[in-house]
Structure formats: structure tokens, C-alpha cells
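K.L.:
Sharing a model prediction with you, sequence too.
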There are 2 protein chains.
Amino acid sequence: MNSYSSKLVENAVNELSRLPGIGKKTALRLALHLLKKEEPFAEALGNAIIRMRKEIMFCRECFNISDAELCEICSNPKRNKEIICVVEDIRDVMAIENTGQYNGVYHILGGIISPMDGIGPNDLNIAALVTRVGKGGVHEVIMALPTTIEGDTTNFYLYKQLKNQEVEITTIARGIAIGDELEYADEVTLGRSILNRTKYEDGLEN
Amino acid sequence: MNSYSSKLVENAVNELSRLPGIGKKTALRLALHLLKKEEPFAEALGNAIIRMRKEIMFCRECFNISDAELCEICSNPKRNKEIICVVEDIRDVMAIENTGQYNGVYHILGGIISPMDGIGPNDLNIAALVTRVGKGGVHEVIMALPTTIEGDTTNFYLYKQLKNQEVEITTIARGIAIGDELEYADEVTLGRSILNRTKYEDGLEN
């Protein structure tokens, strides 16, 4: 496709198609939709994107996205600062927050160790985590990383960095998802769910 | 999902998810991508969207999008102004231009008659087409609308509006697509392709 009849449209299509998962055809569909709508619609979208990128901050404690120097979670006096949950990115924070089951704080690594993608420990917020735990007052670090080779590598690296400090290191439970049939579960998950079985009485308390 | 940790992100996600085919999850993925990139990336995207909507014009002849009062096609002295191809929207112009087989001009209706969606003849650029043909100098109007009930309705409406003028009214050929197997073609298309068969010799000329 070459001729968009308009440099303005061509430019917008090119910019839109640089977003992940949006090809030229989708970008054109979006651009035509914006042209059909009133001017304030496109203006609100454009300004929201520019303002977000320009004014966003990252929490100086946990590296969560934030509108202030400290994020809403770190600045909340009701959150338990003695427990830090380590996650890959901001979406994981949202997912855990949505469960309503966690009252500690977070530490966002900004990725996981992945030599294939050229991501090493120094590209992640790991040193800051070690410093943060080293300041004391932290009883437990929960590692909530993906169960992939990269996630396991990162878990092990974090463990080695933190094991000399006085802090309990845990990982989130792996097992059969609630509602899932046992016969369809993969062997590794099923095997681990038997190894890490929990007391029936403990489940009753929830 | 409620807590995006940032009003700025929440706002951008809301705006992005108002685009067609983009839900909250995709919008969040796009917003996080924009946050990972440098500031000029988001700025270029936002400004391209705002500028396009603000500065776009519609060609006063054919209603194509344009950066000037007359679009590139209508203002091109090499295009044959005696043939007008009527299409539903701008994407159709691009598709036909890409074939390199058409040297006439266009008329963009901006939709097709669709009572189900509340779109009547007055919502489309039909009156302008009738006036344009009425001015004279047009020998042929090619209707290149979709083969749907709405497309057929629009074709018939256009035909009624134009039949008293001295102009030839044609529709694009319907038939078996090149490369398609006959056995998989639907009956209507196959039937029409036999009714509207063309001279073998005519094909040799291309």
C-alpha cells in the first residue's frame, strides 16, 4: 500500500502500526475510525498518550508506575512493608491486586533474566531489591515469577543474592488450578501439587 | 480491573480501548509498550493522531481524504474525469489504486444504504454524485459496491437516481476469483460467472 491520498493519514498509519500487534491494515482501520469521529475524540486519545509518557513516574521503592515519587501501594500506611512480592512487570501487580489476597508491597523487576533476549541481571531492578532488603525490616520475599526456564533462572539468581540476608524467601504455590480436571493436568504440575500438598485444615480457614 | 496505579495510565487505557477491536487488556498492553519506549515515540504517535484529525480535508469533488481542497487523484491531469468509480469508503479507493488497472476518478459515498444501521441515502454523498454527473462530461459511472443486500440496494438507488442522465451505468464484474477452484465456489458466484462469460479473445489482450 502506497497511496493513502493524504500524508497526514499515511503518517498516522505509520505511527499506529509501530505498536505491537498492530499491522498496516489495522492501523488504517483505526485511522479511518478516528477520521469518522469528532475532533475531540482524536484529541483526547493523542493527549492521553503524550501526557502519560511525559508525566509518568516510577516508584523509587518498588519501580511500580506511579503519578508521584512513591506509588499508591508503597505510600499506603495500611500495607505491610515487611513482605515484598517480586514480580516481572506491572501487569502482575494488577493481577495480584485483583485477587484481594495480598496486603504486602511489591518489587517490579522490569523483566526476567533471559540470555536469549540479551537481558541480564544488570538490566533488571535486582540490585535495588538487594539494597532494599539489606536496609532491614523485611521478613519475607515472595518470588512470583513465571514458571519458565527464564523465571526459574531469575528465581535462583535472586535466591543467591538474598540468601545471606535475614529474610525468608518463598515462591507462590504451583498446583492444579481451581476448577481444573486432574486428568488433563500436565505431569509436572500434578507431581508438584502432590509434593507440596497442604493440610486440609489450613484450607478450611479461608 | 480498577487499580492501574496511575491516573495517567488509566486515562490512556480508557482512551485506547475506545478504538474498535481494542479491549481493556490490549489497551493496557499498548500503554505499557508506550511506557517502555522513549518519550518521542509516544509524542510522535499522539501528535500524528491529533494532526491528522485536525488538518484532514475531504476532496470537494469526490470526498476522498486529502491534504488539499482537491485530492491527488482529482487534481491529477492524467486521470480520466469522464469515468467515475463509486465506492463505499476510502479503503476501496486504495484497493483499486493498488491494482494499477484504473485511470478514472472516484466518488466516495461514505457508506452504503443500510436501514438496519439507520443509514439512508441522505446520510451518504449521493446527491453530490447526481449533481456531479449532471454537470456533464461524465460518460460512465462504475458502481463498485459490496455484493450484499445493502450494496445491491444502494446500486439500485443510484441507478434510479442516474438513469435519466446521459451516462452509462456499469458494475464491476463478479466471478470466480483468479486462483480459486471451481468446486469450492458458491453457486451464485459460479452461476453469474457463466451468465457473464467473456470472450476468450478479450482476455488475451491483457
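P.N.:
Ah, there it is.
K.L.:
Sheet-wise, list the partners of the longest strand seen in chain A with their directions.
P.N.:
Longest strand in chain A, counting residues (DSSP state E): strand A:80-87. Applying DSSP bridges to the sheet, strand A:80-87 is found paired with strand A:104-108 (parallel), strand A:140-143 (parallel).
K.L.:
Which segments of chain A make up each domain?
P.N.:
A:7-55, A:79-203 (automatic domain parsing).
K.L.:
what angle do the longest helix belonging to chain A and helix B:39-55 make?
P.N.:
Determined from DSSP state H, the single longest helix within chain A is helix A:39-55. Per axes from the mean of the first three to the mean of the last three C-alpha atoms, to 10 degrees, the angle that helix A:39-55 makes with helix B:39-55 is 170 degrees.
K.L.:
Can you name every helix or strand that the next helix or strand after helix A:39-55 contacts?
P.N.:
The helix or strand immediately downstream of helix A:39-55 is strand A:57-58, counting by DSSP states H and E. With contacts taken as 3 or more C-beta pairs under 8 Å, 6 or more residues apart in numbering or on different chains; DSSP states H and E, strand A:57-58 sits against strand A:65-66. C-beta coordinates here come from the backbone N, C-alpha and C atoms, glycine included.
K.L.:
ok, and for the longest strand of chain A, which residues are buried?
P.N.:
A:83, A:84, A:85, A:86, A:87 (16 or more other C-beta atoms under 10 Å in any protein chain shown).
K.L.:
right, and the helix or strand after it?
P.N.:
Trace forward from strand A:80-87 with DSSP H and E and the next one is helix A:90-99.
K.L.:
neighbouring contacts of that following helix?
P.N.:
Residues outside helix A:90-99 that contact it (C-beta atoms under 8 Å, 6 or more residues apart in numbering or on different chains): A:64-65, A:73, A:85, A:87, A:102, A:106, A:108, A:144, B:1-5, B:28, B:32.
K.L.:
Can you select the buried ones from the residues you listed in ChimeraX?
P.N.:
Listed next is the ChimeraX selection for buried residues among the contacts of helix A:90-99, using 16+ other C-beta under 10 Å:
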select /A:64,65,73,85,87,102,106,108,144 /B:4,5,28,32
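K.L.:
Show me what the helix-or-strand element of chain A with minimal mean pLDDT is packed against.
P.N.:
Sorting the helices and strands of chain A by mean pLDDT, DSSP states H and E puts helix A:200-204 at the bottom, at a mean of 72. Of the remaining helices and strands, none touches helix A:200-204 by 3+ C-beta pairs under 8 Å, 6+ apart.
K.L.:
can you dump the C-alpha coordinates of that helix into PDB?
P.N.:
C-alpha atoms of helix A:200-204 as PDB (Å, rounded to 0.1, in the frame of the first residue of the first chain):
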ATOM      1  CA  TYR A 200      -6.900 -29.800  54.600                       C
ATOM      2  CA  GLU A 201      -7.500 -27.900  57.800                       C
ATOM      3  CA  ASP A 202      -5.500 -24.900  56.500                       C
ATOM      4  CA  GLY A 203      -7.800 -24.600  53.600                       C
ATOM      5  CA  LEU A 204     -10.900 -24.600  55.900                       C
END
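K.L.:
Could you give the backbone dihedrals for residue A:114?
P.N.:
Main-chain torsions, residue A:114, degrees, to the nearest 10: phi -150, psi 90.
K.L.:
okay, the angle between the longest strand of chain A and helix A:90-99?
P.N.:
Calculated by the same axes, to 10 degrees, strand A:80-87 forms an angle of 130 degrees with helix A:90-99.
K.L.:
for the record, mean pLDDT for strand A:80-87?
P.N.:
Strand A:80-87 carries an average pLDDT of 95.
K.L.:
one step back: could you give me the buried positions within the longest helix of chain A?
P.N.:
Quick answer for helix A:39-55 (16+ other C-beta under 10 Å): A:41, A:42, A:43, A:44, A:45, A:46, A:47, A:48, A:49, A:50, A:52, A:53.
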